[in-house]
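Novice: Compute the structure for the input listed below.
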Amino acid sequence: MNTITLIIIYFVAINFISFIMMGVDKYKARKRAWRIPESTLFVLAIIGGSIGSIAGMHLFHHKTRHWYFLYGMPAILVIQLLIVIALATSPIEFLIM
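Specialist: As a prediction, the model looks like this:
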């Protein structure tokens, strides 16, 4: 298995986990049960799960009234995309095996 495949598997997995965590937190909010900390939801987005977090927010209608989620999650995604673009267009060659 090459590096690109591993990176793709990682991003699919972390976005799936982020999506599921938004759904679980919404379920727990309705049941007034123990909740997933907001910091955990943000960490999942920062480590690559921003697309899953945004999709979960909108599909489950969860955390959409909190400005820091409504603007923070897309901001994280934009920053991540800018980093990917910067790395892709960088004159430095990355050795991917």
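Novice: hang on, Ala45 packs against Ser18?
Specialist: Yes - with contact defined as C-beta atoms under 8 Å, Ala45 counts as touching Ser18 (6.3 Å). For every residue, glycine as well, the C-beta is placed using N, CA and C.
Novice: which residues do these two both contact?
Specialist: Ser53 (C-beta atoms under 8 Å, 6 or more residues apart in numbering).
Novice: so is Thr64 in a helix, a strand, or just coil?
Specialist: coil (DSSP: H, G, I helix; E, B strand; the rest coil).
Novice: quick one: contacts for it?
Specialist: 57-58, 70.
Novice: Go through the residues you listed and single out the one with the most neighbours.
Specialist: With neighbours taken as other C-beta atoms under 10 Å, the top of the contacts of Thr64 is Met57, carrying 23 neighbours.
Novice: Contact partners for it?
Specialist: Met57 sits in contact with 22, 63-64, 69-70, 73, where contact means C-beta under 8 Å, 6+ apart.
Novice: For Met21, grab phi and psi.
Specialist: Main-chain torsions, Met21, degrees, to the nearest 10: phi -60, psi -40.
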